[in-house]
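> just to be clear, the model below is a prediction. Sequence and coordinates:
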Amino acid sequence: MSLVFAAICSHAPGITGRANMADPAVREPFYAAYRRLREQLLAARPDALLVVAAEHFANFFMNNMPSFAIGMADRYSGPIEDPAWIGIQRTSVPGDAALSRQLIREIMQTVDVAFAEEWRFDHGIMVPLSFLTPAYDLPIVPININCQGPPLTPLHRAWALGEALRRAADVVPQRLAVIGTGGISHWPATPDSGKINEAWDRQLLDRWVRNDKAALLSYSDVDTYRDAGQGGFEIRTFISVAAAARGRGHLQHYVPIPIFAVGCTIATMDIDAS
Amino acid sequence: MSLYQLQKFLYDINRDESVQRKYRTDLEGLLDQYELTGEERGALAAGDIGLIYVLGANGQLLMHYAAFLGMSWPAYIQAMREGVAKHGPVRAGVYAMTTHVSEKVAGV
């Protein structure tokens, strides 16, 4: 089979953890967009969901930091954060080790990835899942790109990972969905938390919607840090999804919500089979 | 400056309940396990979020340690502002402050 669904979405922990501090007038339309994304995901009837995420030192640290890592377990847990802090109860999340193993073997033909038979999901995965699969009943394949501990994964390698993901998805029998989670410009967990460069975000999203590879890969880390903060490094996850889906994107929601520390984003992308 | 060791401590305490228990029962013994400068050790022993931020800790590590210490989100943000006001700009890492210390970016 192949990819049957592709999307990107925000994962900031404030989305669930600081829900009661946000203005309902901006919060509720964003939550509604997330619920629509859930309906679209389910309508595609996926057998499993690949989550390309930017992990934040929940499992991987600078003692042994993989550029890419893919989970290979039948069972994961999360959130690793304090449940009261993130507003999500601790739970068990199904995986599919056999599917992961097939995908990893295929991806490794072109991209070196680490694999992990243990993985405790942090907000990068749990916040999206709390909206998209709130019963945690769809098998997840977690995929991490190093967006946190420099030297970071180069953008063109994030693109290569997306291409490899697509090749792998094309050779397994399951119907697969993929989402990329992350922020665009943001300065999370600092006194700057809440700062959002909307113009930069909209330019990135325009490039993503057009699936303009050259433009998406043209950002330098120096420029991203200056214009979009350390959180801007997470554009890697969006880039991988564009490379995997190959189609045109559809921006469904973008609204800066400072108390959530990010421009809250929901977008889907057509799967180009050519 | 041993930012790696400081951040390793934060990584360990954020994810390991046995480390969290040791923090509460044998803080000095726990800190002995890390090669910290005197300033880093003092900041951790005091739970001085503002100074730890200035020393360069990644916020994705620091915010969970602040939550472990019982700090609310506004208190965490304010502690970092006060750290910069008292100790000067962030000295290392990628989490340098870019707004004014009196600016409440998200209203908290």
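That came through fine.
> measure A:Pro104 to chain B for me?
You called it Pro, but residue A:104 is Ile. 24 Å (C-beta to the nearest C-beta, to the nearest Å). C-betas here are computed from N, CA, C, even on glycine.
> number of nearby residues for that residue?
19 (other C-beta atoms under 10 Å in any protein chain shown).
> what's near enough to touch it?
A:Ile70, A:Met72, A:Val113, A:Phe115 (C-beta atoms under 8 Å, 6 or more residues apart in numbering or on different chains).
> can you tell me the closest non-neighbouring residue to the third one?
Same thing as A:Val113. Sequence neighbours aside, A:Phe68 is the residue nearest to A:Val113 in space, at 4.3 Å (criterion: C-beta to C-beta, 6 or more residues apart in numbering or on different chains).
> quick check: that neighbour vs chain B, distance?
Distance of A:Phe68 to chain B, given as C-beta to the nearest C-beta: 19 Å.
> and if you look at A:Ile80?
For A:Ile80 relative to chain B (C-beta to the nearest C-beta), the value is 6 Å.
> so what's A:Ser240 closest to, chain neighbours aside?
Spatial nearest neighbour of A:Ser240, chain neighbours left out: A:Gly162 (3.7 Å); criterion: C-beta to C-beta, 6+ apart.
> secondary structure class for the one you found?
helix (DSSP: H, G, I helix; E, B strand; the rest coil).
> you'd agree it is up against A:Ala244?
Yes. A:Gly162 sits in contact with A:Ala244 when judged by C-beta atoms under 8 Å, with a separation of 4.1 Å.
> pLDDT score for the residue nearest to A:Ser240?
As summarised for this prediction, A:Gly162 has a pLDDT of 98.
> and the helices in chain B?
Assigned by DSSP state H, the helices in chain B fall at B:3-15, B:17-25, B:27-31, B:38-46, B:49-54, B:59-68, B:73-87.
> most tightly packed of these?
helix B:49-54 (a mean of 25; mean count of other C-beta atoms under 10 Å in any protein chain shown).
> what's it in contact with?
Counting by C-beta under 8 Å, 6+ apart, A:190, B:6, B:10, B:39-40, B:42-44, B:59, B:62, B:65-66, B:69, B:71, B:76, B:79-84, B:86-91, B:95 sit against helix B:49-54.
> and that helix, what's its mean pLDDT?
Mean predicted confidence for helix B:49-54 is 98.
> from the contact counts, what lies against whichever strand or helix holds A:Tyr225?
Secondary structure from DSSP states H and E places A:Tyr225 in helix A:221-228. Under the contact criterion of 3 or more C-beta pairs under 8 Å, 6 or more residues apart in numbering or on different chains; DSSP states H and E, helix A:221-228 touches helix A:198-209.
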